[in-house]
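# Fold the following and give me the result.
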Amino acid sequence: MNVLFWLRQDLRLSDNLALKAALSAHPKTVTFLYVLPKSLGSASRWWLHHSLKAFDASLQQYGHRLFLSNAPEEEIILRLVAQKNIQALYCTQRHEPALAAADALLFQKLRTVGVSLEAYPGYLLHNPEKVLTGQGKPYQKYTPFWKASSSGLTESVLKQWLSKAPSALPPSLSWHQEKNIITVDQLDTWQLCPRHPNWALGFEKTWIPGEVSAQKRLLNFIKNPIQQYATQRDFPGNASGTSRLSPHLHFGEISPHRIYHTALSQPVEETYLKELVWREFSYHLLHHFKALPEQPLNPLFKHFPWHSDKKSWTAWTKGETGYPIVDAGMRELWTTGWMHNRVRMIVASFLVKDLFIPWQSGAEWFLDTLVDADLASNSASWQWVAGCGADAAPYFRIFNPTLQGKKFDPEGTYVKRWIPELAHVSPSEIHEPWVSNLNIRHKYPKPIVDHAVARDKALHYYQQIKQLASK
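Numbering: from 1, shown residues only. Down below sits the predicted model:
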């Protein structure tokens, strides 16, 4: 039996349930194929380039190569199945609505032509449609969802999902001369990485994509920081306060089961586990509310009086708002393709509740610039900050960027790292340099908006939404 193993968001050899099942079927050949997704953000394209190279390097240890195609998924897979006498296809399930719908159509066509097909779970801890309330409805509050979904996640249950990389692989079919098929040797032709200019130089200093790197990062994290996660995760100046596993997890270089199982084996508080399950909750919402990336879950927010201000938008994207903690976050994002989670909330709140620019615009920017850009988590998190999503932040919770900076970056460590203009400003002044005109002396921009004024305006807008709800 010739098996096609279609890689998607599971670029790993260990803890891969679909691969384990494929090899258990004792195939004559197994050929690995990755098809380029239609839509990827710029930062994600950089990560994918290096992740594919890392996976191919792992396959070469078995005498295999990874085959790549940028043709439409359905077109290339149906053609290869017909031309190469493929009898079975194995893959890991996808959960974004558009991708899941495309899978359903393709799988139906494959079964029609006699291909045995198996799509296995593994990208999430739970199937998004399986965790429901007692009334059989989707959850819209996180805490009940956390309790329902985490109750069965014991070490013994999770261990069943874990497996080592295979000791050997059956031979692969050769597709070197096939139309629209390349190997990693020709990956540069896809131009996934920026060239002129190469704005990803900071990425290269920050990240090493791939399964091996993901496992090392997890092991380094559990040595000490994970026990202090609940207290250290909110301080962006602490480089080791978070795991930074999110991009590895998004591309499937490490499984959520491996991370959760490892965390359970440590004396860790629930806080870290809850962060992992927030990802599950996000996919749960996206599955049941497919318009989540575009439409507010609370329909009343369709009436919010959003502004269109190109000058303010540009200042936000470039990290030139005049609020140090906001600008540090946006510059970290531009330099590394990542941003500390506490700062993500601060910059998102500033965009939505100080500048009144639609949350959808911020969500799109993050999808393009984050290496861990994830449609479900990104959409759910932006709606949470905007106050229009599931279990959303109360409308009156408007982050004060100055106070947030003083509280979570008291010495200015984080701000100084990303805003060199303020590197020599004292901790007592660094979060409000305009008070002593330090921004002028250090060539740092003045605040583009008065937060106190913006806060009053935001409260007025949100009060209008609240009044609509009562009618």
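# For the rest of this, base every contact and every neighbour count on C-alpha atoms.
OK.
# Name the helix or strand of this structure that has the lowest mean pLDDT.
Least confident helix or strand of the chain, by mean pLDDT, DSSP states H and E, is helix 438-441 with a mean of 68.
# the strands in the stretch 1-150 of the chain, which residues?
All strands of the stretch 1-150 of the chain, identified by DSSP state E, counting those that start in this stretch, fall at 2-7, 29-35, 67-69, 88-92, 116-120.
# mind checking pLDDT for the residue nearest to residue 227 when sequence neighbours are not counted?
In space, residue 227 comes closest to residue 268 once its chain neighbours are excluded; the distance is 4.9 Å by C-alpha to C-alpha, 6 or more residues apart in numbering. With respect to pLDDT, residue 268 scores 73.
# Then the one 10 residues further on?
pLDDT, residue 278: 95.
# List the contacts of the helix or strand hosting it.
In the assignment (DSSP states H and E), residue 278 maps to helix 270-288. With C-alpha atoms under 8 Å, 6 or more residues apart in numbering as the test, helix 270-288 has contacts from 95-97, 124-126, 128-129, 131, 138-140, 142, 145-146, 149-150, 226, 229-230, 256, 260, 263, 292, 376-377, 379-380.
# Wait, residue 322 touches residue 450, no?
No - look at residue 322 against residue 450 with C-alpha atoms under 8 Å: they stay out of range, at 10.2 Å.
# quick one: which of those two has more around it?
Set side by side, residue 322 and residue 450 show more neighbours around residue 322, with 21 against 10, by other C-alpha atoms under 10 Å.
# Helix, strand or coil: sort out residue 237 for me.
With DSSP: H, G, I helix; E, B strand; the rest coil as the basis, residue 237 sits in coil.
# just checking, next helix/strand downstream of the least confident helix or strand of the chain?
Where DSSP H and E defines the elements, the next helix or strand beyond helix 438-441 is helix 451-470.
# so what secondary structure elements neighbour that next one?
Packed against helix 451-470 by the contact rule (3 or more C-alpha pairs under 8 Å, 6 or more residues apart in numbering; DSSP states H and E) you find helix 341-353.
# Give me the mean pLDDT for the helix it packs on.
Averaging pLDDT along helix 341-353 gives 97.
# Give me the contact list for that helix.
Helix 341-353 has contacts (C-alpha under 8 Å, 6+ apart) with 233-236, 316, 325-326, 329-330, 357-359, 362, 382, 385-386, 398-399, 401, 404, 454-455, 458.
# repeat for stretch 354-370
Applying C-alpha under 8 Å, 6+ apart, the contact partners of stretch 354-370 are 40-44, 293-294, 305-309, 312-313, 333-334, 337-339, 348, 351-352, 373-375, 378-379, 382-383, 386, 449, 451, 454-455, 458.
# Please apply the same query to stretch 12-23.
Identification of contacts with stretch 12-23 by C-alpha under 8 Å, 6+ apart yields 3, 5, 10, 55, 90-92, 118-122, 161-166, 169, 210-211, 252-255, 258.
# 7 Å instead, please
Identification of contacts with stretch 12-23 by C-alpha atoms under 7 Å, 6 or more residues apart in numbering yields 55, 90-92, 119-120, 122, 161-165, 211, 252-255.
# Buried ones among these?
For the contacts of stretch 12-23, a neighbour count by 16 or more other C-alpha atoms under 10 Å gives the buried set as 55, 90-92, 119-120, 122, 161-162, 211, 252-255.
# and of the residues you listed, the nearest to residue 30?
Proximity of those to residue 30 (C-alpha to C-alpha) peaks at residue 90, which lies at 9.8 Å.
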